[in-house]
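> Sharing a sequence plus its predicted fold:
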Amino acid sequence: MKVYFRTIKDLPGEEYFGPGQLTCAGCGPSIAVRWLLKAAGPDVIVVNATGCIEVTSTSYPYTAWSIPYLHVAFENSAAAASGVESAIKVLRRKGILDTKARVMVIAGDGGTYDIGLQSLSGMLERGHGVLYVLYDNEAYMNTGIQRSGGTPHFAWTTTSPVGSKLKGKVQRKKDIMSIVMAHHIPYAATANIAYPIDLANKVKTALEYLDEGPAFIHVLAPCPPGWRYPEEMTVEIARLATETGYFPLYEWDHGKIRLNPPSNAHLDKSKRKPITEYLKRQGRFAHLTEEDIKEIEKEIDEYWDYLSRLVKAFG
Amino acid sequence: MAVAKALSVREELVKERLGLTSNYAAAYAVKAVDVDVIAAYPITPQTTIIEKLAEFVANGEVDAEYIPVESEHSALSAVVGASAAGARVFTATAAQGLEFMHEVLHIASGLRLPIVMAVPGRALSAPISIHGDYQDIMNARDSGWIMLIASSAQEVYDSIIMAYRIAEDSRVLLPVMVSYDGFLMSHTTEPVEIYHEEYVRKFTPRNLSRYRLDPRSPITIGVIASPEWYYEIKYQAIHALKESKSVIKEIHGEFNKFFGTNYDIIEKYMVDDADYVLITYGGASSGNAKEAAKRARERGLRAGVVRIRLFRPFPTEELVNAIKDAKVIAVIDRALTPGNTYEGPVFSDVITALYSSGVEKPVVSVVHGISQRTMLADDFYNLYKMLDEYAKTGEYPRRTVFMGLRT
């Protein structure tokens, strides 16, 4: 990524995501959207998938969006954004309108990992100049905490409950970044609301690449009611996700893979905080046994092994 | 004199006379209106529309963004996005594709986007059938779109041009579906008069004053509405659809004047003095009905046909006026509404229209041409004979007649 912002003071003072929207206290996704819009500036059109952000920010007759905003449905934000991007391109070419606006999708994990995966893949394959931002709160929080393809192994949700036979989600979290990178788009990155400067620079970098094709940013955005932790802990928990190596920060930039700080130090496992620091603060993991935690640790190590091989091959 | 004038109007406007299927006629109309964004996903019997448009784009004959989407759901979603951004858009589908789009059909009308879509009607799975009927169209009936049903390739071409004027009219701002017979029209070549594009574009100027996504004047499109607001917002769209009928008639009048044609929202064929009237829609069914009416007239039966061209909003007053003096009427449906009292969907619409005007008539529900089961002019001629029999006895079937069904 290029560095456009060095400190928080370099970000614009303007708020494009207005106050008064209806998200829960401590909402990770609403923090993500605030930084996303600051980094993108006013010349952007947002296409939002159905989900928490959509229902809490557009309650008629109010809106939290001071940039143009379109919501169509749950599974099709990438398709709708493809249409917006194509319209801008052709209307400029024909001299009918002179807008240069960038198009940015904002969609949750349900709308991306699961029901929206097909339209996302279609948009990436066709090469539309759209930045797709996934805000990942790791379950269908809008409908009341149901498991998604983005929910981690063992996590409690209402559809992966902790019972006498099954304890939390049986399956592992889908590796959405690898799926996206397999489309060989110009740019894909992970980001985390606890690292706003890194996030903002990735957004700006991605937007600058859109003339070449699509970009994708996977933002971790914790959810107090869904992850079951006190609302003032959102940023701390998000930071722990990266510090423990659970959610590494990295980017795919034109075929090169780079680990970003602080994750660039985490190939050495001893530099990562113990995973229990992350797990123990969240009620969704309260039922974990020692064995379960070992299993999670093993899975994280496996992912780091995979990442290290990617970095070796594409670094 | 009026005819002579109309002919001279057409002489100037017509660029060439081509042999086109209804699908190609649709593509030529889309080319003529200078479309901006086309979303395309293949499905039989629609595919040759998007193939022709792909050719036009590849040859530089149409300056449009052609989005080869990965599904029909995305096809309609992409044109929703493009239309919201201010573009003139087109997509086409049929059958399973229209079903897959269904969610977005309601969204397109709810967001008041002037999308135009062509749908050659096809039977629905299961069992899977690629052949024509109108089940897909009928399932889209309550989605708030304006729906036109054409009966010839020329009419498909003309209707799509009209559809852009109707959809983008500031008093309307609703999506328009132009449908016609799958295969029997979509794949049948007919002579079509193609107009010089400068005239078509003069008739279809862009409406750039409508709301769109623009950073200079940001708006939020696609909000959530609480029960306190939803009902009113929905009613506005429903009201706009109902009120669109007068605009549609006005635009039909302008089109007829401009292009020297004679379209109306219903087509009446020998109806004025008819005792027995067949009401139907689409090409094959209305063509057979007209042929049967001619034969019936030759044999002394006063037979007539009403073809429904504008299906939504329903042409209630026009239809009731056309049939109010008939003795017995039959409605021929090429679709089903399973489990209803009568299985013909448009039959129910006709009954409702008559009821709204306080007119009581013997009306027979007939279903034919399902999955393109061959409809013969003789079948419809026999129907006139049956109607004559019913008039004499005063007895007529109180359940749907399934014509052409092997028993």
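Alright, I've got the coordinates.

> where are the low-confidence patches of the chain?
Let's take chain A. For chain A, no stretch is flagged by pLDDT under 70.

> please go with chain B instead
Low-confidence segments of chain B, defined by pLDDT under 70: B:1-7.

> now whichever residue of it sits closest to chain A, nearest residue through space, not along the chain?
For chain B and chain A, the shortest gap (Cβ to the nearest Cβ) falls at residue B:81, measuring 2.9 Å. Quick note: C-beta positions are derived from backbone N, CA and C, even for glycine. Once flanking residues are discounted, residue B:81 sits nearest to residue A:83: 2.9 Å by Cβ to Cβ, 6 or more residues apart in numbering or on different chains.

> Just the element for residue B:304, please.
Per DSSP states H and E, residue B:304 falls inside strand B:303-308.

> Report all helices and strands that that strand contacts.
For strand B:303-308, the packing partners by 3 or more Cβ pairs under 8 Å, 6 or more residues apart in numbering or on different chains; DSSP states H and E come out as strand B:266-269, strand B:276-280, helix B:283-298, helix B:316-323.

> Could you see whether chain B lies near the host helix or strand of residue A:179?
Assessed by DSSP H and E, residue A:179 sits inside helix A:176-181. No. Helix A:176-181 is not in contact with chain B by Cβ under 8 Å from any Cβ of the partner chain; minimum separation 14.5 Å.

> so how far is the helix or strand hosting residue A:294 off the chain centroid?
Residue A:294 is part of helix A:290-314 when elements are defined by DSSP H and E. How far helix A:290-314 lies from its chain's middle: 20 Å, per Cα atoms, centre = their mean, to the nearest Å.

> Report the buried residues of that helix.
For helix A:290-314, a neighbour-count test (16 or more other Cβ atoms under 10 Å in any protein chain shown) marks A:292, A:293, A:296, A:297, A:299, A:300, A:303, A:304, A:307, A:310, A:311 as buried.

> Can you list the residue ranges for helices in the stretch 151-300 of chain A?
Assignment of helices within the stretch 151-300 of chain A using DSSP state H, counting those that start in this stretch yields the ranges A:176-181, A:196-208, A:224-227, A:234-243, A:275-279, A:290-314.

> Of all these, which one is nearest residue B:198?
Closest approach to residue B:198 among those is made by helix A:196-208 (39.9 Å; Cβ to Cβ).

> Could you see whether chain B lies near the closest one?
No. Between helix A:196-208 and chain B, judged by Cβ under 8 Å from any Cβ, nothing touches; the nearest distance is 13.4 Å.

> which non-adjacent residue is nearest the residue of the stretch 101-250 of chain A at minimum distance from chain B?
Here the stretch 101-250 of chain A gets closest to chain B at one residue, residue A:122, 3.4 Å apart by Cβ to the nearest Cβ. Leaving aside its sequence neighbours, residue A:122 sits nearest to residue B:70 (Cβ to Cβ, 6+ apart; 3.4 Å).

> surely the one you found meets residue A:118?
Yes. The criterion here is Cβ atoms under 8 Å, and residue B:70 meets it with residue A:118 at 6.0 Å.

> So which of the two has more stuff around it?
It is residue B:70, of residue B:70 and residue A:118, that has more neighbours when counted by other Cβ atoms under 10 Å in any protein chain shown, with 20 against 17.

> Where does the more buried one sit: helix, strand or coil?
With DSSP: H, G, I helix; E, B strand; the rest coil as the basis, residue B:70 sits in coil.

> ok, now residue B:76?
With three-state DSSP as the basis, residue B:76 sits in helix.

> Run through the residues that contact it.
Counting by Cβ atoms under 8 Å, 6 or more residues apart in numbering or on different chains, residue B:76 touches B:39, B:91, B:93, B:101, B:104, B:105, B:108, B:115, B:117.

> how about 10 Å then?
By Cβ atoms under 10 Å, 6 or more residues apart in numbering or on different chains, residue B:76 lies in contact with A:72, A:76, A:79-80, A:83, B:39, B:41, B:69, B:89, B:91, B:93, B:97-98, B:100-105, B:107-108, B:115, B:117, B:175.
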